[in-house]
Each structure stands twice: as structure tokens, then as C-alpha cells.
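A.B. asks: Generate coordinates for the sequence data below:
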Amino acid sequence: MKPRAERQADGVDRRRVVRRVDQAEWAPARTRADPVALIEKTNAERLPKLVPIKMGRMATSPFSFFRGAAPVMAADLAALPTTGLRVQLCGDAHVQNIGAFAAPDGHLVFDLNDFDETIPGPWEWDLKRLAASFVLAGREAGVPDGTCSDAARALVASYREAMARFADMTMMDLLRVEVARHVRRGPVHDALVKAERVTPLRALERLTVAAGDRRLFHDEPPLLEHVPDSTAGAVIAALREYRETLGPDRQLLLDSYEPHDVAFKVVGTGSVGTHDYVVLCYGADPADPLIVQVKEELVSCYAAFLPEGPAFAHQGRRVAEGQHRMQSACDALLGWTTLEGRDYLVRQLSDHKARVDTEHLRRGGLLAYATVAGEILGKGHARTGDSVAIAAYCGRTGKLDKAIARFATAYAEQTEADHARFVEAVRSGRIPALPDRRHTQRP
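C.D. replies: So this is what the prediction gives:
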């Protein structure tokens with residue numbers, strides 16, 4: 001690795017490639033692809049019967065559209081100049097993709113928690129997407145525009161200041177950093193408290209019905225439904241390959257559970273339409289359940305715009321390894337497998353997982369949350385990129401904060417316009433969509 005002074009000089013020199021004030025720029029190019037057509041193209045990879053569910057969820061609001069339209073923003077970001085400094089991208093950094101979950105030793109962590117689009121790429125892409133999400137989520141929560149802009153600026157300031165701190169750490173110390181571990185109030189604290197109650201037993205009660213001394217998944221098609229015996233057998237058989245992606249201690253843990261039931265489950269917004277299975281397992285006792293998720297992973301939406309990057313032979317492995325690189329602690333059962341020629345990520349479905357609610361943002365928590373989120377993203381980038389060079393580019397003034405906040409507001413307005421076009425496509429019948437049923441699911 002180059003000496004620190006050279007890395008700092010390199011970071012400052014990157015301002016000649018893209019001035020910090022120019023990070024504010026957003027204007028759709030005349031050759032910009034029709035966002036509705038781009039979404040239709042990505043739908044071709046998904047299960048046709050489930051596409052209307054995804055489209056209905058995306059039609060709900062501009063922020064919901066944003067969550068499902070990562071390929072649209074990937075194309076837009078790829079049209080902008082970058083500094084050339086690369087990190088492991090989360091790829092889909094937004095307000096709802098940061099949350100609480102249990103570390104292998106049982107303590108609760110608050111970190112990035114969705115890596116479907118993860119790939120090495122320009123650090124600015126993650127930061128700009130996350131900043132735009134704060135503006136959109138804040139507007140959806142009824143927060144004044146001025147506060148939404150302030151939150152985007154606070155996010156970037158937190159990222160910039162954290163990167164400067166991380167640049168002074170040893171890599172070993174950086175690997176031990178856990179953001180928000182000692183937060184005592186605000187939306188992040190509330191999410192951690194909520195996560196304490198989200199136990200595997202609660203997930204079992206929510207997703208299953210009693211069947212003798214054990215339980216089975218309940219059927220609520222198409223959101224949750226049993227699969228044919230042949231498919232269930234193939235899913236269980238795929239767990240053998242998955243087992244080999246775990247360390248010996250994790251294999252010992254997995255071996256203590258036996259599969260009992262398999263179902264197909266619709267999850268999230270961006271993932272709707274992919275193959276997603278849940279496997280209910282039991283240990284030696286009915287009070288010891290484990291629900292494993294076997295989730296199909298497609299090629300990252302950024303891959304087409306990063307031709308010089310590595311080619312990933314297995315998309316589940318891409319996601320798992322990206323998650324390990326960015327998170328302070330990972331799911332104890334995180335791994336990957338192959339099923340019927342498709343790549344899958346495997347993980348626990350629900351282990352003390354929770355996220356910040358919109359209500360917390362409405363009550364004044366947007367700024368506090370933005371500060372924590374900026375540090376979390378900075379930590380992930382510092383672990384996987386040149387923190388010294390990135391910190392030197394960002395600088396110690398608020399120039400970058402203001403620039404990316406302006407970008408976030410401009411891109412939020414672009415998303416609102418794209419959402420309006422999308423809703424019109426739904427109304428005209430061009431895009432088939434079903435009403436969002438998530439709020440009417442069983443408690």
C-alpha cells in the first residue's frame with residue numbers, strides 16, 4: 001500500500017476529476033432511458049405472477065417507488081462523473097435498509113442490512129442514494145422540506161467526519177467498530193428496543209399455525225404458500241451445498257436442526273418476483289425453532305455499468321461476501337447455495353430484526369437518524385476502500401455536505417416525477433399492478 005501522505009495527496013487530487021461542488025449536479029440526460037421501460041425490462045427476470053405485487057408496492061408512494069427502482073438510479077449514477085475511488089457498495093443504501101439484528105454472540109447490532117445489489121464501485125453512489133432516500137422518506141413522513149434537506153446534509157457531514165476518524169484507525173480497530181452500540185435515545189434506540197422483542201418464537205407465531213406438537217407455515221397465497229413436495233425436497237437438498245459455505249462451528253449449529261416444513265414467501269419491495277423460500281426447522285425441542293430463508297439473488301443492477309469490475313460466478317456468494325465486508329457482525333448462518341440452476345443467499349429469516357419506523361421520523365428523529373446512518377455507511381466504506389484518500393477528498397469543511405444535499409433534493413424530485421409516470425402507466429394498464437396487501441396481513 002502507498003504511504004499515507006501519497007494516499008492523502010491522491011484524495012485531494014481527485015477534486016480535479018470531480019470538484020466537490022459538482023457533486024450537487026443532477027439533470028436527466030436527453031438520452032436518459034424511460035424509467036418505466038427500464039422497470040419493465042428488469043421485470044422480465046422475475047416470476048410473472050408476482051410482478052403485479054411488486055408494481056403495486058412501488059406505486060404506493062415516491063419512496064416506495066425509489067425502493068423498487070434501484071436499476072433506474074444505477075443507470076442515472078453511472079451517467080455522472082466519479083472520483084474513481086472504489087469501495088464495497090451496499091448498492092441499495094436507503095432509510096429502510098439500515099436496521100437492527102442479532103450478532104452471533106446475541107448482542108444487538110444496528111447496521112446496513114440489505115446487500116442484494118452489493119458490488120465494488122464508486123463510494124459516491126451509495127452516499128447519493130442514501131441521501132436521496134432521506135429526502136423522500138422525510139417527505140413521506142410529512143417532515144418539512146427544509147428539515148429533509150438538513151437531514152441529507154447531516155448525513156453527509158456524519159459520513160465525512162466519520163471517514164476522517166476511521167482514516168486514523170488501524171484496520172484491526174476499524175473491524176471492531178460498531179456504530180450506535182451505545183445510543184440511549186432517538187429512533188435508533190427505539191429500533192433496538194423493538195428488535196429485542198422480535199424473537200424466532202414471535203416469527204414462528206406470525207408465520208405458522210399449530211399442527212400437533214409442532215407448527216406449519218400458514219397459507220396466504222400468493223404472499224406465503226406451501227410448495228409441491230418435489231420443490232420442497234429440492235430446497236432441503238440445496239441446504240447440503242449451503243452447509244459447505246459455513247465454518248465448522250456454524251455447521252455444528254446447523255446440524256442441530258432438522259427441516260420440518262417449506263414454503264414460498266414474498267418479501268420486501270425490490271425482491272418481489274424472485275424465488276424465495278422459507279424452511280422451518282426444529283432443534284431437539286418444539287420450543288427451539290429456526291426459520292431459514294433461501295433467497296434468489298440476481299446480478300447486481302450496477303454490474304452493467306462497472307465492466308472493469310470482477311465477474312461473480314455465484315450471485316449468492318457475491319451478496320454474502322459483500323455483507324461480511326461491510327457489516328460489523330453478520331448473521332451466524334449466512335451462506336449461499338444453488339437450486340435448479342439459480343443462485344441463492346441463505347440466512348436466518350428473523351433473528352431480532354427491526355428498523356426505524358416512519359412514525360419516528362415524523363416525530364423529529366430524521367436528523368438524529370441521518371447522523372447515525374452517515375457513520376454506518378462510512379464505516380462500511382472505510383473497511384473496504386481507501387479511507388485516507390476518501391477522507392482527503394471529502395475535506396474538513398461542509399462543501400461536500402451542501403453539494404450532495406442539493407443532489408439529494410434534485411434527485412428526490414426526479415423520483416417523484418418518475419413515480420408519477422409510473423402511476424400513469426399503471427392507470428393506463430401498461431403496467432399490471434395489485435394493491436399493496438402488506439398492511440392487511442396477519443399480525
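
A.B. asks: list the buried ones in the longest helix belonging to the chain?
C.D. replies: Longest helix of the chain, by residue count under DSSP state H: helix 399-428. Within helix 399-428, the residues that qualify as buried are 399-412, 414-416, 418-419, 422-423, 425-426, counting by 16 or more other CB atoms under 10 Å. Every C-beta, even on glycine, is put in place using the N, C-alpha and C of the backbone.

A.B. asks: cool, stretch 231-245 as well?
C.D. replies: By 16+ other CB under 10 Å, the buried positions in stretch 231-245 come out as 231, 232, 235, 236, 238, 239, 242, 243, 245.

A.B. asks: Please name the spatially closest residue to residue 396 (chain neighbours excluded).
C.D. replies: Once flanking residues are discounted, residue 396 sits nearest to residue 164: 7.0 Å by CB to CB, 6 or more residues apart in numbering.

A.B. asks: same question, residue 99
C.D. replies: The shortest distance from residue 99 to any residue other than its chain neighbours is 3.5 Å, reached at residue 355 (CB to CB, 6+ apart).

A.B. asks: Tell me if I'm right that the one you found and residue 96 touch.
C.D. replies: Yes. Here residue 355 reaches residue 96: they are 5.9 Å apart, a contact under CB atoms under 8 Å.

A.B. asks: What segments of the stretch 251-400 of the chain are strands?
C.D. replies: With DSSP state E, counting those that start in this stretch as the criterion, the stretch 251-400 of the chain has strands at 258-265, 276-282, 289-296, 335-339, 342-348, 354-355.

A.B. asks: ok, of these, where does mean pLDDT dip lowest?
C.D. replies: Mean pLDDT across the strands of the stretch 251-400 of the chain is lowest at strand 354-355; the value there is a mean of 76.

A.B. asks: Just give me the neighbour total for residue 200.
C.D. replies: In terms of burial, residue 200 registers 18 neighbours under the definition other CB atoms under 10 Å.

A.B. asks: OK, contacts around the closest residue to it other than its chain neighbours?
C.D. replies: In space, residue 200 comes closest to residue 289 once its chain neighbours are excluded; the distance is 5.5 Å by CB to CB, 6+ apart. Contact criterion CB atoms under 8 Å, 6 or more residues apart in numbering gives 200, 201, 204, 215, 280, 281, 282, 283 as the residues in contact with residue 289.

A.B. asks: who wins for neighbours among those residues?
C.D. replies: So for the contacts of residue 289 (other CB under 10 Å), the most neighbours sit at residue 280, 23 neighbours.

A.B. asks: I'd like to know which of the buried residues of stretch 231-245 are part of strands.
C.D. replies: In this view, the buried residues of stretch 231-245 have no member that belongs to strands under DSSP state E.

A.B. asks: Output those residues as JSON lines; include the columns pLDDT and distance to residue 364.
C.D. replies: Written out in JSON lines, the entries for the buried residues of stretch 231-245 read as follows (pLDDT from 0 to 100; distance: CB to CB, whole Å):
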{"residue": "231", "pLDDT": "98", "distance to residue 364": "48"}
{"residue": "232", "pLDDT": "98", "distance to residue 364": "48"}
{"residue": "235", "pLDDT": "98", "distance to residue 364": "45"}
{"residue": "236", "pLDDT": "98", "distance to residue 364": "48"}
{"residue": "238", "pLDDT": "98", "distance to residue 364": "46"}
{"residue": "239", "pLDDT": "98", "distance to residue 364": "45"}
{"residue": "242", "pLDDT": "98", "distance to residue 364": "43"}
{"residue": "243", "pLDDT": "98", "distance to residue 364": "47"}
{"residue": "245", "pLDDT": "98", "distance to residue 364": "43"}
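
A.B. asks: Just give me the closest of those residues to residue 23.
C.D. replies: Nearest to residue 23, judged by CB to CB, of those is residue 245 at 38.3 Å.

A.B. asks: picking that back up, including distance to residue 43, could the buried residues of stretch 231-245 go into TSV?
C.D. replies: What follows is those, written out as TSV (distance: CB to CB, whole Å):
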residue	distance to residue 43
231	23
232	27
235	24
236	29
238	25
239	29
242	28
243	33
245	30
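
A.B. asks: quick one: low-confidence ranges for the stretch 251-400 of the chain?
C.D. replies: Residue ranges of the stretch 251-400 of the chain with pLDDT under 70: 309-310, 351-352, 363.

A.B. asks: any chance you could map the helices in it?
C.D. replies: Listed in chain order, the helices of the stretch 251-400 of the chain (DSSP state H, counting those that start in this stretch) span 315-326, 358-360, 366-384, 387-394, 399-428.
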